[in-house]
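Enquirer: I would like to see how this sequence folds:
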Amino acid sequence: MTVSETRPAPNTFAALRDQLSDAAVAFAGAPGAAGDILAGIVDDVDRALSERLEIFPVCHHSPASGLAMVRRLREKQPGVIYMELCEDMRPLLDELRNCRLPVALQAFATDTEGFPAEWAPLSVVAPITESSAEYQAIAYALDTPGVELVLVDRSTDHVFQWAPEAEEAPSETPSDGEQPEDDGLHGGAIGLEIGDLRPRFAELEEHLLHHGKVRHWSEWWDQYVEQPLADADYDTYRQVMVMIGSLFRRLRRGSTAEDENRERYMWTRMREHLSANDIDPARALYVCGAAHAASPVEQFGLASDAPFEISPRSATTWHYGLIPSSHTAIEAQFGLAGGAVSIAAATWAKGLRRSKLQPFELEGQPGAKKRTKKLALLPAEPEAEVADQLSGFLSRPPVLDPLDEAELLEWSVDIVRLARRNGYLASTADAIAIFETSILLAGLRNRARPTPYDFQDAAVTCIEKDRVPGRRDVRRLCEILLGGDRIGQVGYAALPPLARDVLDRLEPLGLDLSKRTLQRALLDLKSNPDLRPCSDLLWLLRRLLPQDALRPIMGSRGLGETSIQESWDIGLGKHQRSLVELGYEGVSVEQVLEQRLRRAVTAPDATAAVALGAVEDALVYLGSIRLASELGNRAVELLATERTVDDAPVVLRQIRLLLNYFRSTEDGLPAWCERFVTAGYAHYCTLLPTAFTAEETGPAQVAAMLGFLFGMENLALSLGCDHTQLELAVLQSHPESPAKVALLWAARFQLGMLTMAELRDRCDAMLANPLVLPTVPQYVSGFVQAIDPAPALKPFVVELLSKAFGTLPDAVLLPWLPKLITTLKDQAGDLIPGLVREAGRTFPGALPAVDAFIPPWSIEFTTPATPVAAAPRGPATELLAAHAATCDALAGLLGIEGGWQEAGPTGNREVTDLLDRFPATAAALAAQFGMSAARS
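Expert: All right, here's what the predicted structure looks like:
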């Protein structure tokens, strides 16, 4: 059996061209742009069908294109298929047999060399569904011996090289209603469509929707293109699709430079491949979008020899893989109406049953049927002439499908049942109303058979209420009923090595991690220590993946902290895309985290706080002292070069945590910690006067600086720092902000430059000055934040607040109180609990004791006069008394006033009193000395 190629005879479409030109003249009154456009469309159809290489025009995710592709492949059985898809994605196609569709081919790059840094990460996806024409061609080519599949579109690198300025794709997703939970499976990737057929002329689309009596483009396309072409013969399908693609191409706004470059690229690649492999064009098939089928570029066609220089790729390293996709993700990616892809899948299944076609499926793919035999390639026959099918298609009215009452009745009953399950008060009367309303809407829209869109509108009209009782509204329930959202899955064999390694290491948990539902994992690490590696890996994945992928219910992980029992909610199956993209960065999760930490500390915007956080992550998740030391040295360098103190609170918190951890270890503080403390002491002393006066520096930053200086002072001084540097920095500080003034007073108090009595006098004067009262909350906020560097001020802050509430009148206190609360909440919220505990220690704990309570600061403490003891008489006192002039001159020089004291008795009174109380001991001693003297 042989198959003939079809080519149009000369002047095949001459009659149609004349007819359309006459219609344009009758419409416009004279030949003009309309006639040129209509004649040009016919010329495009003639040109595309006259090409020696057969061009198969498609529309992305179109069931009509998929059905026509199945028919043509079984009829022609080409030996080479050229496809409009990024040429560097070809190796991914062999992995499709390990996946459950829909999935998306992805190219991903994190390091962008040659592109703006703000574009990172670069990501491109090309979704594949079972009903798409491209998947049918792929399945045929991969499972038919002797067939070669060649991708000829520009590479993913050229996608960004040729990318115009970003524009938002039009979206048909309704603004109200439930947002599908799986519409983010593609992330922020750029979507590639094989056959984007949508008007780029807003007025044209609006005109088509208005006169077609439909709400959005997907419904118009289904009614006027998909349904008429579903059962059309191949010549009719081909001519109509080329005509539509030419029309939309000619009636578009904006530049076509990118599309034309792609067409030059594809035709150049095809000519090169045909020439290099000596392939007969009659055995080949070119699958492309209908808009590219009749291109005006000079490189179009095999007969052209126009050169096209393909620019080299950039130095960006691209990673390739497969990620799961879904119908809602495809709709969100390409701006389709909600449920459009699901309805297309249902139309595809109905078309297969009606035409009794056997679709192509990859052998070994999950859910695929076993094929009895493989196709054998057929030799090509001489080309046959193509008749004009386009004129008949345009002149005759579409064949209306008869009403299928059984199908519509089943839909109406099922949607009512589904609505009741989701909380709607629907009944049999609603099912009857939906049935009748669907027929009514179809009649208003010139349709004999209600489409899924008519049924959906009828169900919303009859069932939907003002409030959605459950998670899903009626429109979403209709999508579920008509096919639902199908979510793909990447098989284990098609995953990158990192993802497979993760699944293998988590296998001891005994869970099926491919499921998209949340699964609870209980780890008793005390009785089963073999699960400790699983726990470490879960915490590491928690650090790298989105927060919803892994959620700890019980247990925690920190510096020097481990759990004996843990409980996890694991959803790796739902976040398979994130796990796949993680595999692009390395071969193990430990390597990925180490690379990320190194990149974080070497980035242009890296700070000391970022580096200290990286040190903590290296210790907690990797347990690597070597890496922590390397990152710590980088933290010292970053701190020395910083000119702001914006991250001072974070730096203080993290270095305290790290110092406490290292002090609890056997090796003690590493060298980089000591250098960080000394560098930080000198750094913050230098910047302290500027920070006190700078308006862009807040009180929290100044308090953190003081906390570092006072908290680390003992360690810094032991390492060689100078305390005088801190004193000079405080003396040179002259703030104007009330909160910073309070911090300065606290710093001087901590250094001994200001006594508690002087500080109390200043605050009492502040409360007594009506001009200063509006700023008292700021002063209080400063004192509260000063509790960290000067903990001894806690009782004083309680005293200050107590005096304010006790002495200020209500007319002043009531307007002042809200500002105080908001100021403390915003600036010192984490220090309030400690202040409350101090107040609890100060005030009585029982209500009866309140009346008799006397605040400690209101009690006057008087120190009793201590009598001056008389100086004992002796040689020293006698010498000073004999030369009184010398002592008087020295006292005058020192400013000491007073007179001379009377000399007391000679000797020490305590000693003589002791001898008087116990004379026996002295007498015995004297007798002993007397006996010794007699013997001598």
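Enquirer: determine which residue lies closest to the centroid of the protein.
Expert: P546 (7.2 Å; CA atoms, centre = their mean).
Enquirer: from G555, how far out is it?
Expert: According to CB to CB, to the nearest Å, P546 and G555 sit 19 Å apart. C-beta: built from backbone N, CA, C; applies to glycine.
Enquirer: so W348 sits right up against A133, yeah?
Expert: No: using CB atoms under 8 Å, W348 is not in contact with A133; the gap is 10.5 Å.
Enquirer: what touches both of those two?
Expert: Counting by CB atoms under 8 Å, 6 or more residues apart in numbering, the contacts common to W348 and A133 are G66.
Enquirer: the helices in the stretch 501-650 of the chain, which residues?
Expert: For the stretch 501-650 of the chain, the helices defined by DSSP state H, counting those that start in this stretch cover 532-544, 576-583, 589-602, 608-617, 625-641, 648-663.
Enquirer: any chance of those in TSV, with distance to T156 too?
Expert: Output for the helices of the stretch 501-650 of the chain, formatted as TSV (distance: least, CB to CB, whole Å):
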stretch	distance to T156
helix 532-544	24
helix 576-583	15
helix 589-602	22
helix 608-617	31
helix 625-641	33
helix 648-663	38
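Enquirer: mean pLDDT lowest where, among those?
Expert: Among the helices of the stretch 501-650 of the chain, helix 576-583 carries the lowest mean pLDDT, a mean of 87.
Enquirer: outside of that one, which residues touch it?
Expert: In contact with helix 576-583 (CB under 8 Å, 6+ apart) are residues 106, 108, 123, 185-187, 321-324, 489-490, 495-499, 502, 544-546, 549, 572, 589, 592.
Enquirer: 7 Å instead, please
Expert: For helix 576-583, contacts defined as CB atoms under 7 Å, 6 or more residues apart in numbering pick out 108, 185, 187, 321, 323-324, 489-490, 495-499, 502, 544-546, 549, 572, 592.
Enquirer: so where is the stretch 601-750 of the chain shaky, pLDDT-wise?
Expert: Nowhere does the stretch 601-750 of the chain drop to pLDDT under 70.
Enquirer: strands of that one, start to end?
Expert: Using DSSP state E, counting those that start in this stretch, the stretch 601-750 of the chain contains no strands.
Enquirer: and the longest helix for the protein?
Expert: Identified as the longest helix of the chain according to DSSP state H is helix 671-693.
Enquirer: can you list the buried residues in that one?
Expert: For helix 671-693, a neighbour-count test (16 or more other CB atoms under 10 Å) marks 672-685, 687-689, 691-692 as buried.
Enquirer: surely the residue nearest to the centre of the chain and K574 touch.
Expert: No: contact criterion CB atoms under 7 Å: P546 and K574 do not qualify, at 9.8 Å.
Enquirer: where are the low-confidence patches of the stretch 301-450 of the chain?
Expert: Using pLDDT under 70, the stretch 301-450 of the chain drops low at 367-386, 397-403.
Enquirer: repeat the analysis, applying 90 as the threshold.
Expert: For the stretch 301-450 of the chain, the stretches with pLDDT under 90 are 301-358, 361-411, 414, 418-428, 438-439, 441-450.
Enquirer: strands along that one, start to end?
Expert: 319-324, 380-386.
Enquirer: what's in contact with the shortest one?
Expert: Among residues not part of strand 319-324, those counted as contacts by CB under 7 Å, 6+ apart are 89, 91-92, 95, 99, 103-109, 125, 185, 487-490, 494, 496, 576-577, 580, 583-584.
Enquirer: repeat for stretch 638-653
Expert: Contact with stretch 638-653 is made by 606-609, 611-612, 676, 679-680, 683, 687, 691, 697, 700-701, 704-705, 707-708, as judged by CB under 7 Å, 6+ apart.
Enquirer: pull out the buried positions in that stretch.
Expert: In stretch 638-653, the ones that count as buried by 16+ other CB under 10 Å are 638-639, 642, 645, 647-652.
Enquirer: any chance of those residues in TSV with distance to S438 as columns?
Expert: Shown next, in TSV, are the buried residues of stretch 638-653 (distance: CB to CB, whole Å):
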residue	distance to S438
L638	67
L639	70
E642	68
V645	68
D647	62
A648	67
P649	63
V650	61
V651	66
L652	67
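Enquirer: about what we covered before: give me the subset of the contacts of strand 319-324 that lies in helices.
Expert: Per DSSP H, the contacts of strand 319-324 map to helices at 91-92, 576-577, 580, 583.
Enquirer: now, among these, which is nearest to R313?
Expert: Nearest to R313, judged by CB to CB, of the ones in helices among the contacts of strand 319-324 is P91 at 16.1 Å.
Enquirer: and the closest one, what is it in contact with?
Expert: Per CB under 7 Å, 6+ apart, neighbours of P91: Y320.
Enquirer: check A315 too.
Expert: 113-114.
Enquirer: for it, grab phi and psi.
Expert: Torsion angles at A315 (phi, psi; degrees, to the nearest 10) stand at phi -80, psi 10.
Enquirer: same check on S304?
Expert: According to degrees, to the nearest 10, S304 has phi -80, psi 140.
Enquirer: need the pLDDT of the closest residue to it other than its chain neighbours.
Expert: With CB to CB, 6 or more residues apart in numbering as the criterion, S304 has its nearest non-adjacent residue at 6.3 Å, and that residue is E298. pLDDT recorded at E298 is 88.
Enquirer: thought E298 was touching A306?
Expert: Yes: counting by CB under 7 Å, A306 is a contact partner of E298 at 4.2 Å.
Enquirer: about what we covered before: give me the number of residues near the residue nearest to S304?
Expert: 14 (other CB atoms under 10 Å).
Enquirer: name the element it belongs to?
Expert: Secondary structure from DSSP states H and E places E298 outside every helix and strand.
Enquirer: roughly how far apart are it and A431?
Expert: 61 Å.
Enquirer: next one: E84
Expert: Taken as CB to CB, the span from E84 to A431 is 45 Å.
Enquirer: one more: R100?
Expert: 34 Å.
Enquirer: just want to know which of the two has more residues nearby.
Expert: Using other CB under 10 Å as the criterion, R100 and A431 rank with A431 on top: 22 against 19.
Enquirer: list the contacts of that one.
Expert: Shown in contact with A431 (CB under 7 Å, 6+ apart): 412-413, 416.
Enquirer: ditto for L525
Expert: 531-532, 535, 563-566.
Enquirer: give me that answer again for 10 Å
Expert: Residues in contact with L525 (CB atoms under 10 Å, 6 or more residues apart in numbering) are 531-532, 534-535, 555, 562-566.
Enquirer: equivalent analysis for T428, please.
Expert: T428 touches 412-413, 416, counting by CB under 10 Å, 6+ apart.
Enquirer: which of those residues are buried? Put it as a PyMOL command.
Expert: Command for PyMOL that selects the buried part of those, burial taken from 16+ other CB under 10 Å:
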select buried, resi 412+416
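Enquirer: for D404, give me its contacts.
Expert: Neighbours of D404 in contact, by CB under 10 Å, 6+ apart: 410-411, 449-450.
Enquirer: surely L38 is in contact with Q19?
Expert: Yes: contact criterion CB atoms under 10 Å: L38 and Q19 qualify, at 9.3 Å.
Enquirer: neighbour-wise, which of the two wins?
Expert: Shown here are L38 and Q19; by other CB under 10 Å, L38 has more neighbours (21 against 16).
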